[in-house]
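Peer 1: Compute the structure for the input listed below.
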Amino acid sequence: MRAVLCGYYGMGNGGDEALLATLLQLLPSEVTPLVLSGNPPWTQSHYGVEACDRKSIPQVIAALRQSDAFIWGGGSLMQDATSWLNPLYYGGLMTLAQRMGLKTVAWAQGIGPLQRSFTHWFTQQTFSHCTAVSVRDRGSAQKLSDWDIPFTLAPDPVWALEREPVPGLWELPAPRVAVVLRPHAKLTPARLEVLTQALIDFQLATQACVLLVPFHLTQDRPLAEAIQPRLPGVSKILMLSHPQQLRGLFQGVEMAIAMRLHGVIMAAAAECRCFALSYDPKVSQVMQELELPGWALDEIPEAKGAIAKTWLELYANGDALSSDRIRAIIDRALLHQSLLQEALLGADKRSAL
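Peer 2: As a prediction, this is how the structure comes out:
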């Protein structure tokens, strides 16, 4: 069986690459993947799979004609907060695959925000014709329930991503603290300044080695490069392109301060104390479900001392998730794998699960 994998792949975003890496890890061995990518040569060399240009209509149509299945590979693809074109692109491809008779799987999806009536209707129609659907959060599950569409609800599959060691990480002085920031309209210059000042005070108090980790190299790197020269102690900008190394990074840090969703998830999965800065409901939902400390961006204190004090309290006395709880979450995340087996290979594979 051949399956086309569709997501925000080959675009330099570590979280979406982590979703692709996890999907490839969990995909049944009988299925040969073909990835729609923004950088096909990079995707082919990094993952050892066939890839084609996600923006080339002839290549995409040829890929669909050669395949038996089409998979939305995780993430918030059907949302119009970033652009109203997102649901048209992803939903258009899903609709085309459905009309061509392929098995279609909406895998590990986060639905919304959907701010326009047309994109809301189009999303409902697209999901209703899928062979199988899995979602990663309760908000998306509620939408599908309201639409009377069957689904599987399970934690984000990146919880199950295998990890690889980061070359040179253990040579950096301990303790190590990872910081994962991303640009956002609510991360105003004033808020970024107070966070930077708080990070300076935190480093002076802990003597920690601060690792600034751009998940999206193009977007996040300027933030890291603006902060690093101001830090008084040892620091390093770690630009990792392999998702498994991003996952492995958090095994070697004492604490993480993270905005990006998969930074929060990878830190929590590594039994790392984690402080979340939420810019999106998907981050807030994970904070609530895991009872993680953190703030929404518009709730960040105006005083650097209050921020540094909160971080120091977590560093000194905070608890990471227990290994038993992490194992239970990973076990539930593997429901996404079971869905792939049943949707793509049928009932004859159920006994092997």
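Peer 1: Tell me the buried residues in the helix or strand that contains residue 143?
Peer 2: Counting by DSSP states H and E, the element that carries residue 143 is helix 138-146. Residues of helix 138-146 classed as buried: 139, 140, 141, 143, 144 (neighbour count, 16 or more other Cβ atoms under 10 Å). Where C-beta positions appear, they are placed from N, C-alpha and C, glycine not excepted.
Peer 1: In CSV: those, plus distance to residue 295 and pLDDT.
Peer 2: Formatted as CSV, the buried residues of helix 138-146 follow (distance: Cβ to Cβ, whole Å; pLDDT from 0 to 100):
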residue, distance to residue 295, pLDDT
139, 20, 92
140, 24, 95
141, 26, 96
143, 27, 96
144, 30, 98
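Peer 1: Spell out the residue ranges of the helices in the stretch 101-250 of the chain.
Peer 2: 117-128, 138-146, 189-206, 217-227, 243-249 (DSSP state H, counting those that start in this stretch).
Peer 1: out of these, which comes closest to residue 55?
Peer 2: Comparing the helices of the stretch 101-250 of the chain by their distance to residue 55 (Cβ to Cβ), the top pick is helix 217-227, with 17.1 Å.
Peer 1: What is that closest one packed up against?
Peer 2: strand 176-180, helix 189-206, strand 209-212, strand 235-237 (3 or more Cβ pairs under 8 Å, 6 or more residues apart in numbering; DSSP states H and E).
Peer 1: To residue 51, which of the ones you listed lies closest?
Peer 2: So among those, strand 176-180 is nearest, using Cβ to Cβ, at 26.8 Å.
Peer 1: The helices and strands packed on helix 217-227 into CSV, with extra columns for mean neighbour count?
Peer 2: Putting the helices and strands packed on helix 217-227 into CSV (neighbours: other Cβ atoms under 10 Å) gives the following:
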stretch, mean neighbour count
strand 176-180, 26
helix 189-206, 17
strand 209-212, 23
strand 235-237, 18
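Peer 1: how about TSV for the ones you listed, with mean pLDDT and distance to residue 293 added?
Peer 2: Shown next, in TSV, are those (pLDDT from 0 to 100; distance: least, Cβ to Cβ, whole Å):
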stretch	mean pLDDT	distance to residue 293
strand 176-180	98	14
helix 189-206	98	14
strand 209-212	98	19
strand 235-237	98	23
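Peer 1: Including distance to residue 157, could the ones you listed go into JSON lines?
Peer 2: Formatted as JSON lines, the helices and strands packed on helix 217-227 follow (distance: least, Cβ to Cβ, whole Å):
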{"stretch": "strand 176-180", "distance to residue 157": "19"}
{"stretch": "helix 189-206", "distance to residue 157": "30"}
{"stretch": "strand 209-212", "distance to residue 157": "25"}
{"stretch": "strand 235-237", "distance to residue 157": "28"}
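Peer 1: if we can go back for a sec, what angle separates the helix holding residue 143 from helix 117-128?
Peer 2: 80 degrees (axes from the mean of the first three to the mean of the last three Cα atoms, to 10 degrees).
Peer 1: mind listing what the residue nearest to residue 123 when sequence neighbours are not counted touches?
Peer 2: If the residues on either side of it in the chain are set aside, residue 123 comes closest to residue 78, at 4.5 Å by Cβ to Cβ, 6 or more residues apart in numbering. Neighbouring residues of residue 78 by Cβ atoms under 8 Å, 6 or more residues apart in numbering: 86, 87, 90, 91, 109, 111, 112, 114, 119, 123, 126, 127.
Peer 1: now residue 276
Peer 2: 258, 259, 264, 283, 286, 287, 292, 293, 294, 295.
Peer 1: Touching, residue 227 and residue 197? I think so.
Peer 2: No - between residue 227 and residue 197 there is no contact under Cβ atoms under 8 Å: 10.4 Å.
Peer 1: Give the residues shared as contacts by those two.
Peer 2: With Cβ under 8 Å, 6+ apart, residue 227 and residue 197 have no common neighbours.
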